[in-house]
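> Got a predicted structure here, sequence first:
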Amino acid sequence: MSKLRVYRDDAPDTPIVEHTLGADIALELEGPEVLFSRWEADRELPADASNDDIIGAYRAQIDVLMTRYGFHAVDVVNVTPTHPDKDALRQKFLSEHTHSDYEVRFFVEGSGQFYIHHADRVYMIFCQAGDLLSIPANMTHWFDMGPNPSFKCIRLFTTPEGWVANFTGSDIAEHFPRLVN
Ligand SMILES: [Fe+2]
């Protein structure tokens, strides 16, 4: 079940708000202007669906976002617990950073945990299949795929260069609960 926990950024032990209903999560995330919604596939996807099949199944929703936000590119990323570089991949976005572009992820399968640091709050969002999250450009955040990552995500880009991580140098991420999977 998808879950949002909101913390004060100086109190990582005690969430002050928790939501599991999609509508409640979406409303709470309006504060930091993060878009959260749930999508349904237009057609059923086989287990061995190609990336083109996956994008095709969500084409209508993808086109709406591409038009609204001016995204130019879309791809699919697939990480499994047997991925040879899973530890390095996990480390890559595990510290607080920003991007000059939106970070948009739609979970086709599996799960992962995003953390948004906005004002004096940390929004910890456990995303599962069906969840769309769009983090605005320059918003401080990090992402944990856990020690046994398993997810398939659609990513949308304005420019591929815009998705380079600019690390803030803060160690805040080390103080908040990591994803256990
Ligand atoms: Fe990021």
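Yep, that arrived. None of the values given here were measured: they were computed from a predicted structure. Numbers count the residues shown, from 1 in each chain.
> Verify the stated contact: S37 with G22.
Yes - at 7.4 Å, S37 counts as touching G22 under the criterion of CB atoms under 8 Å. Heads up, the C-betas are built off the backbone N, CA and C, glycines and all.
> Overlap in contacts, these two.
D131 (CB atoms under 8 Å, 6 or more residues apart in numbering).
> For the helix or strand containing V76, buried residues please.
V76 belongs to strand 73-79 when assigned by DSSP states H and E. Buried residues in strand 73-79, defined by neighbour count with 16 or more other CB atoms under 10 Å: V74, V76, V79.
> Just the closest of those residues to F176, please.
Set against F176, the nearest of those by CB to CB is V79 (21.2 Å).
> do you know how far the closest one is from E28?
In this structure, V79 and E28 are 27 Å apart, going by CB to CB, to the nearest Å.
> Show me the strands in this protein, by range?
3-8, 17-19, 35-38, 73-79, 97-98, 103-118, 121-128, 131-135, 140-144, 150-157, 166-167 (DSSP state E).
> Can you get me a residue count around R59?
Using other CB atoms under 10 Å, R59 is surrounded by 13 other residues.
> how about it, what does it touch?
D42.
> Give the ranges of residues in this structure that sit below the confidence cut-off.
160 (pLDDT under 70).
> Can you give me every residue that contacts F176?
Taking CB under 8 Å, 6+ apart, one finds Y7, P12, Y115, V122, M124 in contact with F176.
> now do 6 Å
P12 (CB atoms under 6 Å, 6 or more residues apart in numbering).
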